[in-house]
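Enquirer: sequence-free structure coming up:
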């Protein structure tokens, strides 16, 4: 059974403008059982009621003394409050001229008298459903636009915040480096005070690097989400890139007690974005150090004529099977923030970069045994 | 003792300017700072000309690019080499700009490498 009004939605409100009292009573009888009907006996009265209150549908007779149905249609369309209200005109004559005049004046449908009660109900029902559908679509479009505006504002903010944070990080970085250089050159000898100073400055240095990585990740989110990942491929030797990444992570690996073993089977030269690929290797290494439980980490590089393959393997805590699918999602992690802090973006960023290079990234892991992350990249992406 | 080469640091962030001046002074340079582009133009036109200008891009009133245009139009300053300092990753995508780039945040090593590629310390 067709029914526009549901328990959640109030009954649709219909305004009937009809000068014939008998016809008005019939409309009231036919439509009033399903919808809320308001009656008007003249065109001007109908216009005032339509302007005074919101209706879901207006049905008006064309031939009325005073303001005709066609003129009423024109006036309703000219007013902001009623310009979109669905309007059905009805007429005793089936002339094409009148129908066209009615449609031109803004009517949505035209009923020729006499019509059956069934036809009236079907037309009204259809028109109300269309209106309801349009309204829902408009609401969804508005909600979508609002969501997009919110996301845009968020990404603008992330971008501006990351940008703003880089200047103070530079200041911190330079001052720390400067102090470290002074501590190393002063007297040129080791003393307990100097050693302590150096150790503490090195700790600040590591945190500055970490702070900058977090800022980079925030900026990456907005860029990747907006599809602005702009790769700059150049010929690079993957071996030197991996060695640079291992060097960069050496201090963290040493602190975690995880030696990093690098093995290369073939020379691997290809066309990739150096910075982005470096980021993939660094992120994978960082995870291996974080979750590696202080055991050795193995990095292996291999290639054939078409593909390069990188494996980063740890023997740490591993990832439960049910978690393995979602670890490449944004803000996801196979652990709690309390145990392993971070933004939960590292693997998501890796996947975005590898996808953009037309490669694949996968994980094989067993809880308690460790995880192996494998990246396969076409050599000419 | 040879005279220290003069460097002009232009950035509206006072702390960054002073920090750069600290480490560059330690490294054997005479580091002068300007916290806006107009003062930087005055300093580079009058007085001993710097061997190198380290220039921030995003500054209020006059941007780094506007400074660069004026500097290049002026006979007195146009030959002074410039290193651009920026936090924007978009800057490295602009092929029309040939000046060397220092992406913020940069380390002391990266800063010294850029400066030493133009002028050795005293």
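Expert: Received the coordinates, thanks. None of these values were measured; they are calculated from a predicted model.
Enquirer: Report the secondary structure element holding residue A:11.
Expert: Assigned by DSSP states H and E, residue A:11 belongs to no helix or strand.
Enquirer: Then residue B:65?
Expert: helix B:64-73.
Enquirer: what sits against whichever residue of the stretch 251-381 of chain A sits closest to chain B?
Expert: Closest approach between the stretch 251-381 of chain A and chain B, counting by Cβ to the nearest Cβ: residue A:275, at 9.0 Å. In this view, the C-beta of every residue, glycine as well, is placed from N, C-alpha and C. Going by Cβ atoms under 8 Å, 6 or more residues apart in numbering or on different chains, residue A:275 touches residue A:232.
Enquirer: circling back: tell me how far the helix holding residue B:65 lies from the chain's centre.
Expert: 12 Å (Cα atoms, centre = their mean, to the nearest Å).
Enquirer: the helices in the chain, which residues?
Expert: With no chain named, the answer covers chain A. For chain A, the helices defined by DSSP state H cover A:21-32, A:43-52, A:69-78, A:96-105, A:117-185, A:192-225, A:238-256, A:274-291, A:346-356.
Enquirer: looking at chain B here, not the other one
Expert: So, for chain B - with DSSP H - the helices run B:14-26, B:37-45, B:64-73, B:108-116.
Enquirer: Reformat these into CSV and put mean neighbour count, distance to residue B:122 and mean pLDDT next to each item.
Expert: Shown next, in CSV, are the helices of chain B (neighbours: other Cβ atoms under 10 Å in any protein chain shown; distance: least, Cβ to Cβ, whole Å; pLDDT from 0 to 100):
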stretch, mean neighbour count, distance to residue B:122, mean pLDDT
helix B:14-26, 19, 11, 94
helix B:37-45, 19, 20, 94
helix B:64-73, 17, 25, 93
helix B:108-116, 17, 12, 95
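Enquirer: Up against chain B, what does the stretch 151-300 of chain A have?
Expert: A:162-164, A:166-175, A:177-178, A:181-182, A:208, A:212, A:219, A:230, A:232 (Cβ under 8 Å from any Cβ of the partner chain).
Enquirer: Mind checking which of those residues are buried?
Expert: A:162-163, A:166-167, A:169-175, A:177-178, A:181, A:208, A:212, A:219 (16 or more other Cβ atoms under 10 Å in any protein chain shown).
Enquirer: rewinding a little: please tabulate the helices of chain A in a markdown table and include mean pLDDT as additional columns.
Expert: Formatted as a markdown table, those follow (pLDDT from 0 to 100):
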| stretch | mean pLDDT |
| --- | --- |
| helix A:21-32 | 93 |
| helix A:43-52 | 95 |
| helix A:69-78 | 94 |
| helix A:96-105 | 82 |
| helix A:117-185 | 89 |
| helix A:192-225 | 81 |
| helix A:238-256 | 89 |
| helix A:274-291 | 91 |
| helix A:346-356 | 90 |
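Enquirer: Get me the contact residues on chain B for chain A.
Expert: B:11, B:13, B:15-16, B:19-20, B:22-23, B:26, B:87-89, B:93, B:104-109, B:111.
Enquirer: Repeat the analysis, applying 10 Å as the threshold.
Expert: B:11-27, B:56, B:58, B:85-90, B:92-93, B:102-112 (Cβ under 10 Å from any Cβ of the partner chain).
Enquirer: Quick one: closest of the helices of chain B to residue A:93.
Expert: Closest approach to residue A:93 among the helices of chain B is made by helix B:64-73 (72.7 Å; Cβ to Cβ).
Enquirer: got a list of what the closest residue to chain A within chain B touches?
Expert: Nearest residue of chain B to chain A: residue B:108, at 3.3 Å (Cβ to the nearest Cβ). Listed by Cβ atoms under 10 Å, 6 or more residues apart in numbering or on different chains, the contact set of residue B:108 reads A:173-181, B:19-20, B:23-24, B:26-27.
Enquirer: From the residues you listed, pick the one nearest residue A:249.
Expert: Using Cβ to Cβ, these come closest to residue A:249 at residue A:173, 17.7 Å.
Enquirer: if I read this right, that closest one contacts residue A:215, doesn't it?
Expert: No. Residue A:173 is beyond contact range of residue A:215, at 12.0 Å (criterion: Cβ atoms under 10 Å).
Enquirer: So which residues make contact with the helix holding residue B:65?
Expert: Here helix B:64-73 has contacts from B:10-12, B:34, B:36-38, B:40-41, B:44-45, B:53, B:55-59, B:62-63, B:77-80, B:82, B:84-86, B:91, B:97, B:99, using Cβ under 10 Å, 6+ apart.
Enquirer: Count the residues that sit near residue A:70.
Expert: Using other Cβ atoms under 10 Å in any protein chain shown, residue A:70 has 23 other residues around it.
Enquirer: What separation do you get for it and residue A:288?
Expert: 77 Å (Cβ to Cβ, to the nearest Å).
Enquirer: residues in contact with the residue lying closest to residue A:301 once chain neighbours are set aside?
Expert: Among residues not flanking residue A:301 along the chain, residue A:264 sits closest, at 4.5 Å (Cβ to Cβ, 6 or more residues apart in numbering or on different chains). Applying Cβ under 10 Å, 6+ apart to residue A:264 gives the contacts A:238, A:239, A:242, A:243, A:299, A:300, A:301, A:302, A:303.
Enquirer: Show me just the buried residues among the residues you listed.
Expert: Neighbour-count burial (16+ other Cβ under 10 Å) applied to the contacts of residue A:264 gives A:238, A:239, A:242, A:243, A:299, A:300, A:301, A:303.
Enquirer: Residue A:300 versus the second one, what's the distance?
Expert: Read that as residue A:239. From residue A:239 to residue A:300 the distance is 11 Å (Cβ to Cβ).
Enquirer: Overlap of the contact sets of these two?
Expert: A:262, A:264.
Enquirer: tell me the pLDDT at the most centrally placed residue in chain B?
Expert: Nearest to the mean C-alpha position of chain B, by Cα atoms, centre = their mean, lies residue B:54 at 1.1 Å. pLDDT recorded at residue B:54 is 97.
Enquirer: That one contacts residue B:119, doesn't it?
Expert: No. Using Cβ under 10 Å, residue B:54 makes no contact with residue B:119, being 11.4 Å away.
Enquirer: Now for those two: what residues contact both?
Expert: In contact with both residue B:54 and residue B:119: residue B:7, using Cβ under 10 Å, 6+ apart.
Enquirer: bridging residues for residue A:59?
Expert: residue A:16, residue A:88 (DSSP bridges).
Enquirer: That one against residue A:120, yeah?
Expert: Yes. With contact defined as Cβ under 10 Å, residue A:59 reaches residue A:120; the gap is 8.4 Å.
Enquirer: Give me the residues contacting stretch A:41-52.
Expert: So stretch A:41-52 is in contact with A:15-21, A:24, A:38-40, A:55, A:58-62, A:64-73, A:75-76, A:79-82, A:85, A:87, going by Cβ under 10 Å, 6+ apart.
Enquirer: Those residues, buried ones only, as a PyMOL selection?
Expert: The PyMOL selection below is limited to those of the contacts of stretch A:41-52 classed as buried (16+ other Cβ under 10 Å):
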select buried, chain A and resi 15+16+17+18+19+24+38+39+40+55+58+59+60+61+62+64+67+68+69+70+71+72+73+75+76+82+85+87
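Enquirer: Report the distance from stretch A:199-211 to the chain centre.
Expert: For stretch A:199-211, the distance to the chain centre is 35 Å (Cα atoms, centre = their mean).
Enquirer: In that stretch, which of the residues would be classed as buried?
Expert: Under 16+ other Cβ under 10 Å, the buried positions of stretch A:199-211 are A:201, A:205, A:208, A:209, A:211.
Enquirer: Report the contact partners of the third one.
Expert: With contacts defined as Cβ under 10 Å, 6+ apart, the neighbours of residue A:208 are A:169, A:170, A:171, A:172, A:173, A:174, A:175, A:176, A:177, B:105, B:107.
Enquirer: Understood, closing this out.
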